[in-house]
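S.K.: Let me see the structure of the following:
(one chain, ligands or ions: 1)
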Amino acid sequence: MKAYKQFIDGALREPHSHGVIEVENPFTQKIAATVPNGDAEDGKEALQAAAAAQPAWAARSAVERAGILKTMAATIREHRVELAKILMEEQAKIAPLAQVEIDVTAEYFDYYAGWARIYEGEIVQSDRPTENILLFRKPIGVSVGICPWNFPFFVMARKVAPALLTGNTVVIKPSSLAPNTIMAFAELLAKRDLPKGIVNFVTGAGATLGEYLVRSPVPGIVSLTGSVEAGQKVIAGTAENITKTSLELGGKAPAIVCADADLDLAVKAIVASRVIFSGQVCNCAERVYVDKKVEDQFIAKVRAAMKAVTYGDPATAPDMSSQIDRNQQKKIAEMVERASKDGAEILVGGQIPETKSGYFFEPTVLGGCRQDMEIIRQEVFGPVLPVVSFTNGLEEAIALANDCDYGLTSSIFTTNLGNAMLAMNRLKFGETYINREHFEAMQGFHAGWRKSGVGGADGKHGLFEYLQTHVVYVQW
Ligand code: NAD
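M.R.: This is a model prediction of the structure:
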(Lines give C-alpha, C1' and ligand atoms only; values in the text may rest on other atoms or scores of the structure.)
Protein backbone atom coordinates (compact mmCIF):
# COMPACT_ATOMS: atom_id res chain seq x y z
CA MET A 1 0.00 0.00 0.00
CA LYS A 2 1.16 3.52 -0.76
CA ALA A 3 2.64 5.25 2.31
CA TYR A 4 3.24 8.96 1.85
CA LYS A 5 5.94 10.86 3.77
CA GLN A 6 6.19 14.40 5.09
CA PHE A 7 7.71 16.97 2.71
CA ILE A 8 9.93 19.33 4.69
CA ASP A 9 12.79 21.54 3.47
CA GLY A 10 12.64 20.13 -0.03
CA ALA A 11 12.91 16.47 1.01
CA LEU A 12 10.56 13.59 1.77
CA ARG A 13 10.92 12.61 5.42
CA GLU A 14 9.73 10.02 7.84
CA PRO A 15 7.63 11.60 10.60
CA HIS A 16 8.79 11.83 14.19
CA SER A 17 5.99 9.72 15.57
CA HIS A 18 5.64 6.48 13.67
CA GLY A 19 1.90 6.30 13.66
CA VAL A 20 0.02 6.66 10.40
CA ILE A 21 -3.39 7.88 9.35
CA GLU A 22 -5.25 5.43 7.12
CA VAL A 23 -7.07 7.22 4.31
CA GLU A 24 -10.19 5.38 3.29
CA ASN A 25 -11.59 5.31 -0.23
CA PRO A 26 -15.21 6.17 0.65
CA PHE A 27 -16.65 4.30 -2.31
CA THR A 28 -14.80 0.98 -1.91
CA GLN A 29 -14.37 1.43 1.86
CA LYS A 30 -10.83 0.10 1.45
CA ILE A 31 -7.70 1.92 2.61
CA ALA A 32 -6.33 3.94 -0.32
CA ALA A 33 -3.04 4.98 1.32
CA THR A 34 -1.49 6.07 4.59
CA VAL A 35 0.00 9.40 5.56
CA PRO A 36 2.14 10.19 8.61
CA ASN A 37 0.28 11.02 11.78
CA GLY A 38 2.55 14.02 12.26
CA ASP A 39 2.92 15.83 15.56
CA ALA A 40 4.32 19.09 16.91
CA GLU A 41 7.91 18.02 16.06
CA ASP A 42 7.02 17.74 12.37
CA GLY A 43 5.23 21.07 12.57
CA LYS A 44 8.25 22.67 14.22
CA GLU A 45 10.64 21.43 11.52
CA ALA A 46 8.32 22.54 8.74
CA LEU A 47 7.98 26.02 10.24
CA GLN A 48 11.75 26.27 10.79
CA ALA A 49 12.40 25.28 7.17
CA ALA A 50 9.87 27.83 5.91
CA ALA A 51 11.28 30.59 8.15
CA ALA A 52 14.87 29.85 7.08
CA ALA A 53 13.95 29.90 3.39
CA GLN A 54 11.83 33.05 3.48
CA PRO A 55 14.40 35.92 3.31
CA ALA A 56 16.17 34.51 0.25
CA TRP A 57 12.85 33.71 -1.39
CA ALA A 58 11.53 37.24 -0.82
CA ALA A 59 14.80 38.67 -2.17
CA ARG A 60 14.15 37.09 -5.57
CA SER A 61 12.23 39.11 -8.11
CA ALA A 62 8.51 38.43 -8.38
CA VAL A 63 9.07 37.21 -11.95
CA GLU A 64 11.58 34.65 -10.70
CA ARG A 65 9.12 33.47 -8.06
CA ALA A 66 6.44 33.25 -10.75
CA GLY A 67 8.76 30.88 -12.62
CA ILE A 68 8.47 28.42 -9.72
CA LEU A 69 4.67 28.70 -9.80
CA LYS A 70 4.79 27.89 -13.51
CA THR A 71 6.93 24.84 -12.72
CA MET A 72 4.28 23.74 -10.24
CA ALA A 73 1.56 24.18 -12.88
CA ALA A 74 3.61 22.21 -15.41
CA THR A 75 4.24 19.43 -12.87
CA ILE A 76 0.50 19.10 -12.29
CA ARG A 77 -0.24 19.04 -16.02
CA GLU A 78 2.39 16.37 -16.69
CA HIS A 79 0.75 14.14 -14.08
CA ARG A 80 -2.85 15.29 -14.50
CA VAL A 81 -4.35 11.86 -15.08
CA GLU A 82 -2.62 10.07 -12.19
CA LEU A 83 -3.37 12.96 -9.80
CA ALA A 84 -7.06 12.89 -10.78
CA LYS A 85 -7.19 9.15 -10.08
CA ILE A 86 -5.68 9.63 -6.61
CA LEU A 87 -8.18 12.42 -5.94
CA MET A 88 -11.11 10.31 -7.13
CA GLU A 89 -10.03 7.40 -4.95
CA GLU A 90 -9.44 9.29 -1.73
CA GLN A 91 -12.79 11.08 -1.65
CA ALA A 92 -15.14 9.40 -4.16
CA LYS A 93 -15.17 12.47 -6.38
CA ILE A 94 -16.63 11.53 -9.76
CA ALA A 95 -13.88 11.14 -12.37
CA PRO A 96 -14.74 14.18 -14.55
CA LEU A 97 -14.95 16.50 -11.54
CA ALA A 98 -11.67 15.15 -10.13
CA GLN A 99 -10.05 15.92 -13.49
CA VAL A 100 -11.52 19.43 -13.50
CA GLU A 101 -10.13 20.06 -10.01
CA ILE A 102 -6.64 18.97 -11.07
CA ASP A 103 -6.71 21.04 -14.28
CA VAL A 104 -8.11 24.16 -12.60
CA THR A 105 -5.43 23.87 -9.92
CA ALA A 106 -2.72 23.99 -12.60
CA GLU A 107 -4.45 27.03 -14.12
CA TYR A 108 -4.59 28.64 -10.69
CA PHE A 109 -0.79 28.49 -10.33
CA ASP A 110 -0.44 30.01 -13.78
CA TYR A 111 -3.03 32.67 -12.98
CA TYR A 112 -1.11 33.89 -9.93
CA ALA A 113 2.21 33.64 -11.80
CA GLY A 114 0.67 36.25 -14.11
CA TRP A 115 0.45 38.72 -11.22
CA ALA A 116 4.24 39.02 -10.92
CA ARG A 117 4.45 42.13 -13.11
CA ILE A 118 1.11 43.54 -12.02
CA TYR A 119 0.93 44.02 -8.26
CA GLU A 120 2.35 47.30 -7.11
CA GLY A 121 2.88 49.76 -4.26
CA GLU A 122 1.85 53.43 -4.19
CA ILE A 123 3.36 56.90 -3.89
CA VAL A 124 1.03 59.35 -2.14
CA GLN A 125 1.16 63.13 -1.80
CA SER A 126 2.80 64.47 1.35
CA ASP A 127 1.80 67.61 3.29
CA ARG A 128 5.47 68.59 3.24
CA PRO A 129 7.02 70.06 0.09
CA THR A 130 10.24 68.03 0.13
CA GLU A 131 8.72 64.72 1.10
CA ASN A 132 7.48 61.60 -0.69
CA ILE A 133 5.37 58.96 1.00
CA LEU A 134 5.99 55.48 -0.34
CA LEU A 135 3.71 52.52 0.32
CA PHE A 136 5.54 49.24 -0.16
CA ARG A 137 3.70 45.90 -0.31
CA LYS A 138 5.83 43.36 1.49
CA PRO A 139 5.47 39.67 2.24
CA ILE A 140 4.22 38.77 5.70
CA GLY A 141 6.72 35.95 6.23
CA VAL A 142 5.66 32.36 6.84
CA SER A 143 2.13 31.34 5.94
CA VAL A 144 0.34 28.32 7.40
CA GLY A 145 -2.46 26.90 5.22
CA ILE A 146 -4.90 24.37 6.66
CA CYS A 147 -7.01 22.55 4.07
CA PRO A 148 -10.42 20.84 4.08
CA TRP A 149 -11.26 17.50 2.49
CA ASN A 150 -13.81 18.62 -0.09
CA PHE A 151 -11.60 20.38 -2.68
CA PRO A 152 -8.26 19.53 -1.10
CA PHE A 153 -6.03 20.00 -4.13
CA PHE A 154 -7.57 23.24 -5.34
CA VAL A 155 -7.69 24.75 -1.85
CA MET A 156 -4.01 23.83 -1.40
CA ALA A 157 -3.25 25.97 -4.48
CA ARG A 158 -5.36 28.81 -3.05
CA LYS A 159 -3.04 28.83 -0.05
CA VAL A 160 0.26 28.24 -1.88
CA ALA A 161 0.13 30.28 -5.12
CA PRO A 162 -0.61 33.83 -3.88
CA ALA A 163 1.59 33.34 -0.80
CA LEU A 164 4.65 32.21 -2.78
CA LEU A 165 4.22 34.78 -5.53
CA THR A 166 4.32 37.60 -2.99
CA GLY A 167 7.49 36.30 -1.28
CA ASN A 168 6.07 34.31 1.62
CA THR A 169 7.02 30.72 2.34
CA VAL A 170 4.39 28.14 3.19
CA VAL A 171 3.51 25.22 5.45
CA ILE A 172 0.44 23.26 4.36
CA LYS A 173 -1.53 20.83 6.53
CA PRO A 174 -4.01 18.76 4.49
CA SER A 175 -7.17 17.28 5.97
CA SER A 176 -6.67 13.76 7.32
CA LEU A 177 -9.69 12.63 5.29
CA ALA A 178 -8.19 13.61 1.92
CA PRO A 179 -4.43 14.26 2.06
CA ASN A 180 -3.26 11.87 -0.69
CA THR A 181 -3.35 14.10 -3.77
CA ILE A 182 -1.49 16.88 -1.97
CA MET A 183 1.16 14.44 -0.72
CA ALA A 184 1.48 12.89 -4.19
CA PHE A 185 2.11 16.41 -5.50
CA ALA A 186 4.77 16.84 -2.79
CA GLU A 187 6.48 13.67 -4.07
CA LEU A 188 6.52 15.16 -7.56
CA LEU A 189 7.92 18.47 -6.27
CA ALA A 190 10.67 16.60 -4.41
CA LYS A 191 12.02 15.51 -7.82
CA ARG A 192 12.10 19.08 -9.13
CA ASP A 193 14.89 21.52 -8.48
CA LEU A 194 12.89 23.92 -6.29
CA PRO A 195 14.40 26.22 -3.65
CA LYS A 196 14.36 24.23 -0.41
CA GLY A 197 11.82 25.05 2.28
CA ILE A 198 9.64 27.45 0.30
CA VAL A 199 6.72 25.05 0.54
CA ASN A 200 6.34 22.26 3.10
CA PHE A 201 3.53 19.70 3.40
CA VAL A 202 2.89 18.01 6.76
CA THR A 203 0.06 15.66 7.66
CA GLY A 204 -1.47 15.05 11.06
CA ALA A 205 -4.57 15.68 13.12
CA GLY A 206 -6.11 19.12 13.47
CA ALA A 207 -6.20 18.86 17.26
CA THR A 208 -2.46 18.16 17.53
CA LEU A 209 -0.39 19.21 14.50
CA GLY A 210 -2.98 21.80 13.41
CA GLU A 211 -3.14 23.39 16.86
CA TYR A 212 0.67 23.48 17.06
CA LEU A 213 0.99 25.30 13.72
CA VAL A 214 -1.74 27.78 14.59
CA ARG A 215 -0.41 28.60 18.07
CA SER A 216 3.23 28.94 17.00
CA PRO A 217 4.71 32.46 16.97
CA VAL A 218 6.51 31.67 13.66
CA PRO A 219 3.76 32.18 11.04
CA GLY A 220 2.75 35.70 10.10
CA ILE A 221 -0.54 34.48 8.67
CA VAL A 222 -2.72 31.42 9.19
CA SER A 223 -5.33 30.56 6.62
CA LEU A 224 -7.95 27.87 7.25
CA THR A 225 -10.63 26.52 4.97
CA GLY A 226 -12.99 24.33 6.96
CA SER A 227 -15.92 24.26 9.34
CA VAL A 228 -17.07 27.07 11.62
CA GLU A 229 -16.04 24.93 14.62
CA ALA A 230 -12.46 24.61 13.34
CA GLY A 231 -12.49 28.34 12.52
CA GLN A 232 -13.41 29.17 16.10
CA LYS A 233 -10.53 27.02 17.40
CA VAL A 234 -8.07 28.52 14.94
CA ILE A 235 -9.01 32.10 15.75
CA ALA A 236 -8.66 31.30 19.47
CA GLY A 237 -5.21 29.83 18.74
CA THR A 238 -3.96 32.73 16.62
CA ALA A 239 -5.19 35.18 19.27
CA GLU A 240 -2.20 34.14 21.38
CA ASN A 241 0.31 35.79 19.03
CA ILE A 242 -2.14 38.15 17.26
CA THR A 243 -1.34 36.27 14.05
CA LYS A 244 -3.23 37.46 10.99
CA THR A 245 -6.01 34.95 10.35
CA SER A 246 -7.95 34.25 7.18
CA LEU A 247 -10.96 31.95 7.51
CA GLU A 248 -13.08 30.43 4.75
CA LEU A 249 -15.78 28.51 6.54
CA GLY A 250 -19.15 26.91 5.99
CA GLY A 251 -22.17 28.16 4.07
CA LYS A 252 -25.93 27.88 3.89
CA ALA A 253 -26.51 29.43 0.50
CA PRO A 254 -30.05 30.52 -0.34
CA ALA A 255 -31.43 30.27 -3.90
CA ILE A 256 -34.40 32.60 -4.52
CA VAL A 257 -36.81 31.62 -7.29
CA CYS A 258 -39.08 34.51 -8.33
CA ALA A 259 -42.49 34.05 -9.96
CA ASP A 260 -41.04 35.42 -13.22
CA ALA A 261 -38.05 33.04 -13.23
CA ASP A 262 -37.22 30.74 -16.09
CA LEU A 263 -38.07 27.66 -14.02
CA ASP A 264 -36.23 25.19 -16.22
CA LEU A 265 -33.05 27.20 -15.93
CA ALA A 266 -33.54 27.63 -12.15
CA VAL A 267 -34.10 23.92 -11.58
CA LYS A 268 -31.15 22.92 -13.73
CA ALA A 269 -28.80 25.33 -11.95
CA ILE A 270 -30.02 24.58 -8.43
CA VAL A 271 -29.93 20.80 -8.85
CA ALA A 272 -26.50 20.92 -10.50
CA SER A 273 -25.21 23.02 -7.65
CA ARG A 274 -26.82 20.77 -5.01
CA VAL A 275 -25.49 17.45 -6.25
CA ILE A 276 -22.02 18.45 -7.43
CA PHE A 277 -19.57 16.43 -5.33
CA SER A 278 -22.53 14.81 -3.57
CA GLY A 279 -23.60 18.14 -2.05
CA GLN A 280 -20.31 18.61 -0.18
CA VAL A 281 -19.50 22.08 -1.47
CA CYS A 282 -19.39 25.20 0.71
CA ASN A 283 -20.91 27.59 -1.82
CA CYS A 284 -23.78 25.46 -3.15
CA ALA A 285 -27.53 26.01 -2.88
CA GLU A 286 -28.46 24.67 0.57
CA ARG A 287 -32.02 26.11 0.77
CA VAL A 288 -34.56 27.32 -1.78
CA TYR A 289 -37.07 30.17 -1.39
CA VAL A 290 -39.72 29.91 -4.11
CA ASP A 291 -42.59 32.31 -4.78
CA LYS A 292 -45.83 30.58 -3.76
CA LYS A 293 -47.30 31.51 -7.17
CA VAL A 294 -44.93 29.09 -8.92
CA GLU A 295 -44.26 26.66 -6.08
CA ASP A 296 -46.22 23.74 -7.59
CA GLN A 297 -44.54 24.02 -11.00
CA PHE A 298 -41.12 24.43 -9.40
CA ILE A 299 -41.62 21.44 -7.10
CA ALA A 300 -42.79 19.24 -10.00
CA LYS A 301 -39.71 20.12 -12.03
CA VAL A 302 -37.24 19.85 -9.14
CA ARG A 303 -38.69 16.48 -8.10
CA ALA A 304 -38.20 15.12 -11.60
CA ALA A 305 -34.69 16.52 -11.84
CA MET A 306 -33.57 15.16 -8.45
CA LYS A 307 -35.15 11.77 -9.19
CA ALA A 308 -33.12 11.60 -12.38
CA VAL A 309 -29.81 12.19 -10.54
CA THR A 310 -27.59 9.11 -10.85
CA TYR A 311 -25.17 7.92 -8.20
CA GLY A 312 -22.63 5.10 -7.97
CA ASP A 313 -19.01 4.24 -8.72
CA PRO A 314 -17.16 7.57 -9.22
CA ALA A 315 -15.09 6.03 -12.02
CA THR A 316 -18.21 5.49 -14.14
CA ALA A 317 -19.07 9.21 -13.96
CA PRO A 318 -22.54 9.22 -12.45
CA ASP A 319 -23.92 12.61 -11.35
CA MET A 320 -22.65 12.02 -7.82
CA SER A 321 -21.10 9.38 -5.59
CA SER A 322 -20.54 8.52 -1.94
CA GLN A 323 -20.36 11.00 0.93
CA ILE A 324 -16.86 11.38 2.37
CA ASP A 325 -17.39 9.03 5.33
CA ARG A 326 -19.86 7.30 7.61
CA ASN A 327 -20.04 10.31 9.97
CA GLN A 328 -21.12 12.62 7.19
CA GLN A 329 -23.66 10.08 5.90
CA LYS A 330 -25.09 9.63 9.41
CA LYS A 331 -25.23 13.40 10.02
CA ILE A 332 -27.24 13.93 6.81
CA ALA A 333 -29.65 11.07 7.58
CA GLU A 334 -30.26 12.40 11.09
CA MET A 335 -30.86 15.95 9.87
CA VAL A 336 -33.39 14.72 7.29
CA GLU A 337 -35.13 12.60 9.92
CA ARG A 338 -35.40 15.57 12.30
CA ALA A 339 -36.69 17.79 9.47
CA SER A 340 -39.34 15.21 8.65
CA LYS A 341 -40.41 14.97 12.31
CA ASP A 342 -40.53 18.76 12.38
CA GLY A 343 -43.03 18.87 9.52
CA ALA A 344 -41.01 18.78 6.28
CA GLU A 345 -42.40 16.52 3.55
CA ILE A 346 -39.91 14.17 1.93
CA LEU A 347 -40.75 14.57 -1.77
CA VAL A 348 -37.78 12.66 -3.20
CA GLY A 349 -35.19 10.38 -1.56
CA GLY A 350 -34.58 10.89 2.14
CA GLN A 351 -32.85 7.57 2.81
CA ILE A 352 -29.50 5.85 2.91
CA PRO A 353 -29.83 3.59 -0.14
CA GLU A 354 -28.92 -0.09 -0.12
CA THR A 355 -25.61 -0.35 -1.97
CA LYS A 356 -22.83 -2.92 -1.86
CA SER A 357 -20.35 -0.34 -0.59
CA GLY A 358 -19.96 3.41 -0.12
CA TYR A 359 -21.58 6.00 2.16
CA PHE A 360 -24.36 7.09 -0.16
CA PHE A 361 -27.34 9.29 0.60
CA GLU A 362 -30.21 9.59 -1.85
CA PRO A 363 -30.71 12.88 -3.72
CA THR A 364 -33.45 14.42 -1.59
CA VAL A 365 -36.07 17.16 -1.86
CA LEU A 366 -37.90 18.38 1.25
CA GLY A 367 -41.08 20.41 0.72
CA GLY A 368 -43.04 22.57 3.15
CA CYS A 369 -40.01 23.71 5.14
CA ARG A 370 -40.06 26.69 7.52
CA GLN A 371 -37.44 29.28 8.39
CA ASP A 372 -37.12 28.07 11.98
CA MET A 373 -36.15 24.50 11.01
CA GLU A 374 -32.65 23.17 11.62
CA ILE A 375 -32.50 22.00 7.98
CA ILE A 376 -32.93 25.65 6.86
CA ARG A 377 -30.47 27.09 9.38
CA GLN A 378 -27.58 24.57 9.64
CA GLU A 379 -25.22 23.42 6.89
CA VAL A 380 -26.19 19.90 5.66
CA PHE A 381 -23.24 19.32 3.28
CA GLY A 382 -25.12 16.62 1.39
CA PRO A 383 -27.50 16.17 -1.57
CA VAL A 384 -30.53 17.52 0.28
CA LEU A 385 -32.63 20.41 -1.00
CA PRO A 386 -35.12 21.93 1.47
CA VAL A 387 -37.74 24.26 -0.04
CA VAL A 388 -39.56 27.17 1.67
CA SER A 389 -42.26 29.18 -0.14
CA PHE A 390 -42.83 32.94 0.25
CA THR A 391 -46.02 34.92 -0.34
CA ASN A 392 -45.13 38.57 0.26
CA GLY A 393 -42.82 39.35 -2.64
CA LEU A 394 -39.10 39.50 -3.12
CA GLU A 395 -38.47 41.72 -0.08
CA GLU A 396 -39.70 38.88 2.13
CA ALA A 397 -37.52 36.32 0.32
CA ILE A 398 -34.44 38.53 0.70
CA ALA A 399 -35.14 39.01 4.42
CA LEU A 400 -35.46 35.23 4.87
CA ALA A 401 -32.26 34.63 2.90
CA ASN A 402 -30.34 37.17 5.01
CA ASP A 403 -31.68 35.72 8.27
CA CYS A 404 -28.75 33.31 8.61
CA ASP A 405 -25.54 32.88 10.61
CA TYR A 406 -23.67 32.09 7.39
CA GLY A 407 -22.97 34.59 4.60
CA LEU A 408 -20.92 32.89 1.91
CA THR A 409 -22.95 32.72 -1.32
CA SER A 410 -26.50 33.27 -2.58
CA SER A 411 -28.43 33.20 -5.86
CA ILE A 412 -31.57 34.55 -7.47
CA PHE A 413 -33.51 33.39 -10.54
CA THR A 414 -35.59 36.07 -12.25
CA THR A 415 -36.27 37.56 -15.68
CA ASN A 416 -36.92 41.00 -14.18
CA LEU A 417 -33.97 43.38 -13.98
CA GLY A 418 -35.58 45.26 -11.09
CA ASN A 419 -35.70 42.06 -9.04
CA ALA A 420 -32.09 41.29 -9.89
CA MET A 421 -31.03 44.81 -8.84
CA LEU A 422 -32.99 44.63 -5.59
CA ALA A 423 -31.33 41.32 -4.73
CA MET A 424 -27.89 42.64 -5.68
CA ASN A 425 -28.35 45.61 -3.39
CA ARG A 426 -29.92 43.85 -0.43
CA LEU A 427 -28.46 40.33 -0.18
CA LYS A 428 -25.84 40.19 2.55
CA PHE A 429 -23.45 37.56 1.23
CA GLY A 430 -19.91 37.48 -0.12
CA GLU A 431 -21.22 36.31 -3.51
CA THR A 432 -24.50 36.41 -5.43
CA TYR A 433 -25.13 34.44 -8.62
CA ILE A 434 -27.91 35.69 -10.89
CA ASN A 435 -29.53 33.10 -13.17
CA ARG A 436 -26.66 30.62 -12.83
CA GLU A 437 -25.31 27.84 -10.66
CA HIS A 438 -23.17 28.65 -7.62
CA PHE A 439 -19.52 28.44 -8.60
CA GLU A 440 -16.88 31.11 -8.24
CA ALA A 441 -14.10 32.26 -10.61
CA MET A 442 -10.40 32.52 -9.71
CA GLN A 443 -10.30 36.20 -10.69
CA GLY A 444 -13.20 37.05 -8.33
CA PHE A 445 -12.98 37.14 -4.53
CA HIS A 446 -14.26 34.23 -2.46
CA ALA A 447 -15.00 35.58 1.01
CA GLY A 448 -17.76 34.83 3.47
CA TRP A 449 -19.65 37.29 5.62
CA ARG A 450 -20.73 36.60 9.22
CA LYS A 451 -19.74 33.12 10.42
CA SER A 452 -18.67 32.11 6.90
CA GLY A 453 -15.31 33.69 7.54
CA VAL A 454 -12.93 36.62 7.60
CA GLY A 455 -10.62 37.56 4.76
CA GLY A 456 -10.85 35.66 1.51
CA ALA A 457 -9.16 34.15 -1.51
CA ASP A 458 -8.73 34.61 -5.27
CA GLY A 459 -8.06 37.53 -7.57
CA LYS A 460 -6.38 40.77 -6.61
CA HIS A 461 -7.86 40.86 -3.11
CA GLY A 462 -6.78 37.28 -2.44
CA LEU A 463 -3.22 38.28 -3.38
CA PHE A 464 -3.31 41.22 -0.98
CA GLU A 465 -4.14 38.86 1.90
CA TYR A 466 -0.49 37.78 1.77
CA LEU A 467 1.01 41.27 1.70
CA GLN A 468 1.51 43.85 4.41
CA THR A 469 1.98 47.55 3.84
CA HIS A 470 5.17 49.35 4.81
CA VAL A 471 4.88 53.14 4.65
CA VAL A 472 8.11 55.10 4.25
CA TYR A 473 8.29 58.91 4.61
CA VAL A 474 11.25 60.20 2.59
CA GLN A 475 12.53 63.76 3.11
CA TRP A 476 15.24 64.51 0.63
P1 NAD B 1 -12.94 20.71 9.29
O2 NAD B 1 -13.19 21.98 10.00
O3 NAD B 1 -13.32 19.45 9.93
O4 NAD B 1 -11.38 20.56 8.94
C5 NAD B 1 -10.69 21.54 8.17
C6 NAD B 1 -9.22 21.49 8.50
O7 NAD B 1 -9.03 22.05 9.80
C8 NAD B 1 -8.63 20.07 8.57
O9 NAD B 1 -7.34 20.07 7.97
C10 NAD B 1 -8.54 19.82 10.05
O11 NAD B 1 -7.54 18.87 10.40
C12 NAD B 1 -8.19 21.21 10.56
N13 NAD B 1 -8.47 21.45 11.97
C14 NAD B 1 -9.50 20.99 12.71
N15 NAD B 1 -9.41 21.43 13.97
C16 NAD B 1 -8.30 22.20 14.04
C17 NAD B 1 -7.66 22.94 15.08
N18 NAD B 1 -8.15 22.96 16.32
N19 NAD B 1 -6.54 23.63 14.77
C20 NAD B 1 -6.04 23.61 13.53
N21 NAD B 1 -6.58 22.91 12.51
C22 NAD B 1 -7.70 22.22 12.76
O23 NAD B 1 -13.61 20.92 7.86
P24 NAD B 1 -13.82 19.84 6.72
O25 NAD B 1 -14.80 18.86 7.24
O26 NAD B 1 -12.51 19.38 6.20
O27 NAD B 1 -14.48 20.70 5.56
C28 NAD B 1 -15.84 20.92 5.45
C29 NAD B 1 -16.17 22.32 5.88
O30 NAD B 1 -15.35 23.25 5.18
C31 NAD B 1 -17.60 22.70 5.55
O32 NAD B 1 -18.17 23.42 6.61
C33 NAD B 1 -17.45 23.58 4.33
O34 NAD B 1 -18.51 24.48 4.13
C35 NAD B 1 -16.16 24.27 4.61
N36 NAD B 1 -15.53 24.75 3.38
C37 NAD B 1 -15.50 26.09 3.14
C38 NAD B 1 -14.95 26.59 1.98
C39 NAD B 1 -14.89 28.07 1.71
O40 NAD B 1 -14.23 28.46 0.76
N41 NAD B 1 -15.57 28.90 2.48
C42 NAD B 1 -14.42 25.71 1.03
C43 NAD B 1 -14.45 24.35 1.30
C44 NAD B 1 -15.01 23.88 2.49
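S.K.: wait, isn't Ser216 in contact with Gln48?
M.R.: No. The pair Ser216 / Gln48 is not scored as a contact, 10.1 Å apart, by C-beta atoms under 8 Å. (C-beta placed from N, C-alpha, C; glycine too.)
S.K.: what about His138, helix or strand, and which?
M.R.: Careful, residue 138 is Lys and not His. Using DSSP states H and E, the element containing Lys138 is strand 131-139.
S.K.: Show residues contacting that strand.
M.R.: 54, 58, 119-126, 166-168, 464, 466-476 (C-beta atoms under 8 Å, 6 or more residues apart in numbering).
S.K.: ditto for stretch 389-407
M.R.: 228, 249-254, 256, 258, 289-292, 295, 371, 377, 379, 388, 410, 419, 422-423, 426-430, 448-452.
S.K.: The residues you listed in helices, which ones?
M.R.: Counting by DSSP state H, the contacts of stretch 389-407 place 228, 295, 377, 419, 422-423, 426 in helices.
S.K.: who in the stretch 251-400 of the chain is up against the ligand?
M.R.: With C-beta under 6 Å from any ligand atom as the criterion, the stretch 251-400 of the chain comes near the ligand at residues 251, 282, 379, 381.
S.K.: tell me the phi and psi of the second one?
M.R.: Comment: the main-chain dihedrals of Cys282 come out as phi -60, psi -30, following degrees, to the nearest 10.
S.K.: Can you say which of the ones in helices among the contacts of stretch 389-407 are buried?
M.R.: Among the ones in helices among the contacts of stretch 389-407, those buried by neighbour count (16 or more other C-beta atoms under 10 Å) are 228, 295, 419, 422-423.
S.K.: can you count the residues close to Leu463?
M.R.: Per other C-beta atoms under 10 Å, the neighbour tally for Leu463 reads 20.
S.K.: what helix or strand is it on?
M.R.: helix 459-464.
S.K.: ok, so of the ones in helices among the contacts of stretch 389-407, who is nearest the ligand?
M.R.: Top of the list for closeness to the ligand, among these and by C-beta to the nearest ligand atom, is Val228 at 6.7 Å.
S.K.: how about the closest one, what does it touch?
M.R.: If you count contacts by C-beta under 8 Å, 6+ apart, then Val228 has 249-250, 405-406, 451-452 around it.
S.K.: List phi and psi for Ile434.
M.R.: Torsion angles at Ile434 (phi, psi; degrees, to the nearest 10) stand at phi -110, psi 120.
S.K.: quick one: contacts for it?
M.R.: Each residue near Ile434 by C-beta under 8 Å, 6+ apart is listed here: 411-414, 420, 423-424.
S.K.: Grab the two from those that are most spread out in space.
M.R.: Phe413 and Met424 (13.5 Å; C-beta to C-beta).
S.K.: And the two? Which one has more around it.
M.R.: Phe413 (27 against 11).
S.K.: wouldn't the more buried one be in contact with Asp262 here?
M.R.: Yes. Counting by C-beta under 8 Å, Phe413 touches Asp262, with 7.0 Å between them.
S.K.: Give me the common contacts of these two.
M.R.: With C-beta under 8 Å, 6+ apart as the test, Phe413 and Asp262 both reach Asn435.
S.K.: Show me the helices in the stretch 101-250 of the chain, by range?
M.R.: Taking DSSP state H, counting those that start in this stretch as the test, the helices found in the stretch 101-250 of the chain are 152-165, 180-190, 211-215, 228-239.
S.K.: Same list, these, but as CSV with distance to Ala339 and mean pLDDT please.
M.R.: Converted to CSV, the helices of the stretch 101-250 of the chain look like this (distance: least, C-beta to C-beta, whole Å; pLDDT from 0 to 100):
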stretch, distance to Ala339, mean pLDDT
helix 152-165, 29, 98
helix 180-190, 34, 98
helix 211-215, 34, 98
helix 228-239, 20, 98
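S.K.: re the thing from before, quick check: of the ones in helices among the contacts of stretch 389-407, which lies closest to Ile221?
M.R.: Of the ones in helices among the contacts of stretch 389-407, the one sitting nearest to Ile221 (C-beta to C-beta) turns out to be Val228, at 19.9 Å.
S.K.: Next, the contact list for the residue lying closest to Gly453 once chain neighbours are set aside, please.
M.R.: Among residues not flanking Gly453 along the chain, Leu247 sits closest, at 4.2 Å (C-beta to C-beta, 6 or more residues apart in numbering). The contact partners of Leu247, by C-beta under 8 Å, 6+ apart, come to 223-224, 231, 234-235, 448, 453-455.
S.K.: Count the residues that sit near Gly141.
M.R.: With neighbours defined by other C-beta under 10 Å, the count for Gly141 comes to 20.
S.K.: just checking, it touches Asn168?
M.R.: Yes. Using C-beta under 8 Å, Gly141 makes contact with Asn168 at a distance of 6.3 Å.
S.K.: any shared contact partners between those two?
M.R.: Common neighbours of Gly141 and Asn168 (C-beta under 8 Å, 6+ apart) are 54, 220-221.
S.K.: Could you tell me which residues make contact with Leu194?
M.R.: Going by C-beta under 8 Å, 6+ apart, Leu194 touches 10, 68, 71.
S.K.: Hmm, Pro195 and the second one touching each other?
M.R.: Pointing back at Ile68 there. Yes. Applying C-beta under 8 Å, one finds Ile68 in contact with Pro195, separated by 7.2 Å.
S.K.: quick one: which of these two has more around it?
M.R.: Taking neighbours as other C-beta under 10 Å, Ile68 and Pro195 compare with Ile68 leading, 22 against 16.
S.K.: what's near enough to touch the more buried one?
M.R.: Going by C-beta under 8 Å, 6+ apart, Ile68 touches 164, 194-195, 198.
S.K.: Dump those into CSV; add distance to the ligand as well.
M.R.: Listed next are those as CSV, based on distance: C-beta to the nearest ligand atom, whole Å:
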residue, distance to the ligand
Leu164, 20
Leu194, 24
Pro195, 26
Ile198, 21
